[in-house]
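Engineer: Kindly generate the corresponding structure for this input.
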Amino acid sequence: MYDVSTDTGANDQRAVRDGLIDIHAHFVPENFPSYKGRKPDARWPSMQPGDAGWRNVMLGGVFYRRVPAQCWRVDEMIQGMVQRQVSLQVLSPMPELLSYWLDPEDGAVLCRYLNEEAARLVAMAPQRLAGLGAVPLQDVGLAIRELEVAVGELQLAGVEIGTNVNGVPIGHPQFAPFFEAAEALGASLFIHPLRPAGLDRLVGPVGLEQVVAFPGETALAAASLITGGTLAKFPGLRIAFSHGGGSFSSVLPRLQYAWETFPSFREQVAVEPCLAARKLFYDSAVYDAGAFQHLVQVFGEDQIVIGTDAPFAIMERNPQGRLQALEADTTVKQLIGRDNALRWLRLNGRG
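Structural biologist: This is a model prediction of the structure:
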């Protein structure tokens, strides 16, 4: 097990006690088990050696992306955390690994492996890491079963889910049994964009999927939880959205105005959108001081948490600097830096 005392220097020890909680960091296993399903063309993940200690993630034998050792080596994870003044990092699978496109049985096998891997990483440094698993939401029954294992047996904090499942938004009624189970289990849910809408409208360089399409996709997912009735039915859910909820902060006033203006809209949407939105959590990975300030203004100081998207290239490299530049008092910065995340994770007693 990783010993926190091996962190070098007083500053490192202070980072453990006083540092930030980063709810948005990803892991990728160093290797994957061989595919044993019945579909020879399944887009099953595997790893191949890459350059400079990196490894190449392959999906169905086709290159997807290269990832650094910080995705699977706990010592390197913690070195990065110390540099960013992060005391606790919440690991979730690289989103593409959710693999909703697999057959449900194959998806369940992969999710179990990811969940066991997340639990193994957390066990190596339980004072520095927390874990979120994965569930095969392409089959709601299997997803509930795996959620029970992830939270009940493996003691993960919850699971990461995509904004849509093969094109079906997460606010669709078909996912209601899953959210009911998540509420009952007290699972933390982290929602990350995946396979966004609008890819056919992108024009320009490679990478616009993450840069331009993800924010709109995230807003669609957040809105669906309100307009589809999920948040009204399950008010005890603890849901956090990556990257500040994408463009949801701009969509929300329109939802609110429609709710106030059109009786038919209000009849079908049981909870006032602004009130529902302020029950969700949103991470700070928005890369701009003004955008960060806007999150606090729209969603409330009690609902914003720190997120970096470590260890990928787009990660926020100075979350402490972003937080300190926020126009807010020390109490609010303490909420955003640590306390809100502890509440989302149900670790309120953790120092």
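Engineer: May I have the phi/psi pair for Asn56?
Structural biologist: phi -100, psi 120 (degrees, to the nearest 10).
Engineer: What distance do you get for it to Ile306?
Structural biologist: Distance, Asn56 to Ile306, using C-beta to C-beta, to the nearest Å: 30 Å. (C-beta placed from N, C-alpha, C; glycine too.)
Engineer: which of those two has more neighbours?
Structural biologist: Neighbours were counted for Asn56 and for Ile306 using other C-beta atoms under 10 Å; Ile306 has more, 28 against 15.
Engineer: Run through the strands of the chain in chain order.
Structural biologist: Applying DSSP state E to the chain gives strands spanning 20-27, 45-49, 55-59, 62-67, 86-93, 129-133, 158-162, 164-165, 168-169, 188-192, 238-241, 281-283, 304-305.
Engineer: Save those as TSV, and put in distance to Ala119 and mean pLDDT too.
Structural biologist: Converted to TSV, those look like this (distance: least, C-beta to C-beta, whole Å; pLDDT from 0 to 100):
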stretch	distance to Ala119	mean pLDDT
strand 20-27	11	98
strand 45-49	19	96
strand 55-59	21	97
strand 62-67	20	96
strand 86-93	10	98
strand 129-133	6	98
strand 158-162	12	98
strand 164-165	24	98
strand 168-169	29	98
strand 188-192	15	98
strand 238-241	20	98
strand 281-283	23	98
strand 304-305	22	98
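Engineer: I'd like these as JSON lines, with distance to Arg343 appended.
Structural biologist: Shown next, in JSON lines, are the strands of the chain (distance: least, C-beta to C-beta, whole Å):
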{"stretch": "strand 20-27", "distance to Arg343": "10"}
{"stretch": "strand 45-49", "distance to Arg343": "33"}
{"stretch": "strand 55-59", "distance to Arg343": "33"}
{"stretch": "strand 62-67", "distance to Arg343": "31"}
{"stretch": "strand 86-93", "distance to Arg343": "13"}
{"stretch": "strand 129-133", "distance to Arg343": "13"}
{"stretch": "strand 158-162", "distance to Arg343": "13"}
{"stretch": "strand 164-165", "distance to Arg343": "27"}
{"stretch": "strand 168-169", "distance to Arg343": "26"}
{"stretch": "strand 188-192", "distance to Arg343": "10"}
{"stretch": "strand 238-241", "distance to Arg343": "8"}
{"stretch": "strand 281-283", "distance to Arg343": "9"}
{"stretch": "strand 304-305", "distance to Arg343": "9"}
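Engineer: which one of those strands lies closest to Ser250?
Structural biologist: For the strands of the chain, proximity to Ser250 was assessed by C-beta to C-beta; strand 281-283 is nearest, at 13.0 Å.
Engineer: and the closest one, what does it pack onto?
Structural biologist: strand 20-27, strand 238-241, strand 304-305 (3 or more C-beta pairs under 8 Å, 6 or more residues apart in numbering; DSSP states H and E).
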